[in-house]
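Participant: Let's see this in three dimensions:
(chains A and B, ligands or ions: 2)
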Amino acid sequence: MPEAPMLEIRGLDAFYGEAQALRGVDLTVAEGEVVTLVGRNGAGKTTLLRSVMGLHRQVTGELLFEGRDIVRTPAHKRARAGLGWVQDDRGVYASLTVEENLLLPPVVSDRAWALDKVYEAFPVLADRRRAGGTTLSGGEQQMLAIARVLRTGARMLLLDEPTEGLAPVIVRQIGDIIRQVKESGGTVLLIEQNVKFAATVADRHYLLAQGSVVESLDNAEFSARQAELLQHLGM
Amino acid sequence: MNEVLQYTIQGLAAGSFYALSALGLAIIFGVLGVVNFAHGACYMLGAVVAAVLLDTVGLGFWPALLVVPLIMFAFGVLIERTLVRWLLALDPLYNFLLTFGLTLLLVDLVKRRYGVSGLPYERPDVLRGQIELGALRLPTYQVFVFVFSLLVCVLVWMLMTRTRIGMIVRASTERSDLAQALGINVGRWVTPVFGFGIALAGLAGVLAAPFRAITADMGSNFIIILFAVVVIGGLGSILGAVVAGFLVGLVEAFGQAYAPTFAQILIFVLMAVVVLVRPAGLFGREETAR
Ligand SMILES: Nc1ncnc2c1ncn2[C@@H]1O[C@H](COP(=O)(O)OP(=O)(O)OP(=O)(O)O)[C@@H](O)[C@H]1O
Ligand SMILES: [Mg+2]
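Facilitator: Ligands and ions are numbered 1, 2, ... in the order given. Below is the predicted model:
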């Protein structure tokens, strides 16, 4: 594992009003790593990812991105610093065309994919570039949401359940994209309920339960304990 | 036949004021989530400022079409920076109440300074009289107001659909937090958008100046109808605001011609029917209706 972590979270608590959703979460992601968050429904996975992005603000603790504390940084500046957001509902804009959806976020680094490269990798988006964003199928919208952050050159992708509810063939494509991102030196933190899928893309895994990290596993341990984990997840 | 045409152009001219103002209201609501109750007062101010500038410095109608919206833009920026901004984090009701209070204040200040009787405003010579098209005779000013307003609406539409600014405004309107997570500094657009919306109301006021009685109260009834326009068109929908603006102008003109006592009621009947059939309005998205 490379030395300096890209993302370091220490003692993160998150609240919704009085209710506490995260309790002292410690987590690190090194540059070039693919790390998953697994856990039951309501464990706090989305809250954790939204807190990293700056969309959930009722938090205390430390959030370091590339060594800088970003707890007080507004979301748009975190995006410009290199965090690439893919929301659990895909977050495709209905009032923007496919191409406008791609062009909306500003380019943040020289890793940015040119539009041509995006269209080459996702031919379906090229075909539908002038169509309204939400006229795409669920799988196509997920492709669009991922392509959108790849185009910005985000150095670390935050993906909230990118494979949820999608057909196996699409899930495989998303796996390919994540592996491609990793090969080109990208970093990914993703929420993934599909344990089998998680084992095929990730280096490490954090198991969240009731707002806390209960286990941190490398991929070998994770794969060996798949049956047990599935049971924990209630599947 | 000629009569119908006459009411049509009259309705489209009146609808122009609604369309321009509703456009401003819709854009402000979209980006800030604020229902600007002071929009009627800003329309009134547009007309008053035009009349006062004509009277004091001799600024004519044509330059007023540019100068007054600029002044109103600055006024909007001032209001947003000093007042509206501080309440944005709270329930939108607070800004609704704030702008309601602002309306009372503005109306009273104008009354105090300029009285309750109307300020005079002459239409420019070229806009007097009638245009003759074969057997048809149409009032020049009404035709001008309609064509000019339609042009402005088309320009705003192109700004919204063809430019990066428009793309950001649409994205912030649809989902502001997501736009921020994608690196858009939505906060930066809040002030100019508010100013722009107010400028559109001011422009409607200038256009109304030679056509309507310029009084402190001219915006009071206007804002009520404007709300009906926005509900009919769909809250936050730009196309809806424009189409519903002209539609309501037509309903009003024909109502006044054929059923004068029901003219206003007709507008609200139309609103009720639209809400029953399409709760989100003619062009609204279903999710904004919730
Ligand atoms: N807006 C909210 N207001 C109040 N409580 C919330 C809110 N969003 C989430 N919670 C609570 O916070 C806890 C964590 O929710 P979160 O959405 O982060 O879980 P998750 O692990 O992403 O679940 P899922 O697998 O269902 O997506 C849950 O108990 C949830 O009820
Ligand atoms: Mg979730």
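Participant: Every contact and neighbour count from this point should use C-alpha atoms.
Facilitator: OK.
Participant: Now the helix or strand encompassing B:Gly187 - C-alpha only, PDB.
Facilitator: Using DSSP states H and E, B:Gly187 falls within helix B:186-208. Output of helix B:186-208 as PDB, limited to C-alpha atoms (Å, rounded to 0.1, in the frame of the first residue of the first chain):
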ATOM      1  CA  VAL B 186     -24.300  27.900  -6.600                       C
ATOM      2  CA  GLY B 187     -24.000  30.700  -4.000                       C
ATOM      3  CA  ARG B 188     -22.100  32.800  -6.500                       C
ATOM      4  CA  TRP B 189     -25.100  32.900  -8.900                       C
ATOM      5  CA  VAL B 190     -27.700  33.700  -6.300                       C
ATOM      6  CA  THR B 191     -27.100  37.500  -6.300                       C
ATOM      7  CA  PRO B 192     -27.000  38.100 -10.000                       C
ATOM      8  CA  VAL B 193     -30.000  35.800 -10.600                       C
ATOM      9  CA  PHE B 194     -32.000  37.800  -8.000                       C
ATOM     10  CA  GLY B 195     -31.000  41.000  -9.700                       C
ATOM     11  CA  PHE B 196     -31.900  39.700 -13.100                       C
ATOM     12  CA  GLY B 197     -35.300  38.600 -12.000                       C
ATOM     13  CA  ILE B 198     -36.000  42.000 -10.500                       C
ATOM     14  CA  ALA B 199     -34.700  43.700 -13.700                       C
ATOM     15  CA  LEU B 200     -37.300  41.800 -15.700                       C
ATOM     16  CA  ALA B 201     -40.100  43.000 -13.400                       C
ATOM     17  CA  GLY B 202     -38.700  46.500 -13.800                       C
ATOM     18  CA  LEU B 203     -38.600  46.100 -17.600                       C
ATOM     19  CA  ALA B 204     -42.300  45.100 -17.500                       C
ATOM     20  CA  GLY B 205     -42.900  48.300 -15.500                       C
ATOM     21  CA  VAL B 206     -41.300  50.500 -18.100                       C
ATOM     22  CA  LEU B 207     -43.300  48.900 -20.800                       C
ATOM     23  CA  ALA B 208     -46.500  49.400 -18.800                       C
END
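Participant: Mind giving me the packing neighbours of it?
Facilitator: Where contact means 3 or more CA pairs under 8 Å, 6 or more residues apart in numbering or on different chains; DSSP states H and E, helix B:186-208 is packed against helix B:2-32, helix B:39-57, helix B:61-79, helix B:176-181.
Participant: So what angle separates the directions of the first one and helix B:186-208?
Facilitator: When you say that, I think you mean helix B:2-32. Counting by axes from the mean of the first three to the mean of the last three CA atoms, to 10 degrees, helix B:2-32 lies at 160 degrees to helix B:186-208.
Participant: Does anything pack onto the helix or strand bottoming out on mean pLDDT in chain A? Which helices or strands?
Facilitator: Every helix and strand of chain A was ranked by mean pLDDT, DSSP states H and E. The lowest is helix A:226-232, at a mean of 83. When contacts are defined as 3+ CA pairs under 8 Å, 6+ apart, helix A:226-232 packs onto helix A:195-201.
Participant: State the pLDDT value of B:Pro279.
Facilitator: On pLDDT, B:Pro279 comes in at 87.
Participant: returning to what we had before: does the least confident helix or strand of chain A reach ligand 1?
Facilitator: No - counting by CA under 6 Å from any ligand atom, ligand 1 is not contacted by helix A:226-232; separation bottoms out at 13.1 Å.
Participant: The residue nearest to A:Gly42 when sequence neighbours are not counted: what's it in contact with?
Facilitator: Nearest in space to A:Gly42, with sequence neighbours left out and distances taken as CA to CA, 6 or more residues apart in numbering or on different chains, is A:Gln210 at 7.4 Å. The contact partners of A:Gln210, by CA atoms under 8 Å, 6 or more residues apart in numbering or on different chains, come to A:21-22, A:42-44.
Participant: Now for B:Pro124, how many residues are close by?
Facilitator: For B:Pro124, the neighbour count with other CA atoms under 10 Å in any protein chain shown is 12.
Participant: same thing with the one 4 residues further on?
Facilitator: Residue crowding around B:Arg128 was assessed by other CA under 10 Å; the count is 13.
Participant: shouldn't it be in contact with B:Gln142?
Facilitator: No - using CA atoms under 8 Å as the test, B:Arg128 is too far from B:Gln142 to be in contact (9.7 Å).
Participant: which residues of the stretch 151-290 of chain B fall in helices?
Facilitator: For the stretch 151-290 of chain B, the helices defined by DSSP state H, counting those that start in this stretch occupy B:164-174, B:176-181, B:186-208, B:218-233, B:238-258, B:263-277, B:286-289.
Participant: er, chain A I mean
Facilitator: Counting by DSSP state H, the segments of chain A that form helices are A:45-53, A:75-81, A:98-103, A:115-121, A:123-127, A:138-152, A:168-183, A:195-201, A:219-224, A:226-232.
Participant: what's the distance between the residue nearest to A:Gly42 and chain B?
Facilitator: A:Gln210 sits 26 Å away from chain B when distances are taken as CA to the nearest CA, to the nearest Å.
Participant: Next, count neighbours for the residue of the stretch 151-290 of chain B found nearest chain A.
Facilitator: Chain A sits closest to B:Gly183 of the stretch 151-290 of chain B, with a gap of 3.9 Å, by CA to the nearest CA. Residue neighbour count, defined by other CA under 10 Å, stands at 26 for B:Gly183.
Participant: just B:Leu133 next, same as before
Facilitator: For B:Leu133, the tally of surrounding residues (other CA under 10 Å) stands at 8.
Participant: which residues sit in contact with it?
Facilitator: So B:Leu133 contacts nothing (CA under 8 Å, 6+ apart).
Participant: what's the pLDDT at it?
Facilitator: 79.
Participant: swap in A:Asn219?
Facilitator: Here the pLDDT value assigned to A:Asn219 is 89.
Participant: any idea how far chain B is from it?
Facilitator: In terms of CA to the nearest CA, A:Asn219 sits 30 Å off from chain B.
Participant: show me the contacts for that residue.
Facilitator: Counting by CA under 8 Å, 6+ apart, A:Asn219 has contacts A:199, A:202-205.
Participant: Over to A:Lys196?
Facilitator: With contacts defined as CA under 8 Å, 6+ apart, the neighbours of A:Lys196 are A:223, A:226.
Participant: tally of neighbours for the residue in chain A positioned nearest to chain B?
Facilitator: In chain A, the residue found nearest to chain B is A:His76; the distance is 3.9 Å by CA to the nearest CA. Neighbours of A:His76 under the rule other CA under 10 Å: 24.
Participant: Tell me the pLDDT of the residue lying closest to it once chain neighbours are set aside.
Facilitator: For A:His76, ignoring the flanking residues on the chain, the nearest one in space by CA to CA, 6+ apart is B:Gly183 at 3.9 Å. pLDDT for B:Gly183: 97.
Participant: Contacts only, for B:Gly183.
Facilitator: B:Gly183 makes contacts with A:75-80, A:105-106, as judged by CA under 8 Å, 6+ apart.
Participant: Of those residues - the most surrounded one?
Facilitator: A:Ala75 leads the contacts of B:Gly183 on contacts (other CA under 10 Å) with 30 neighbours.
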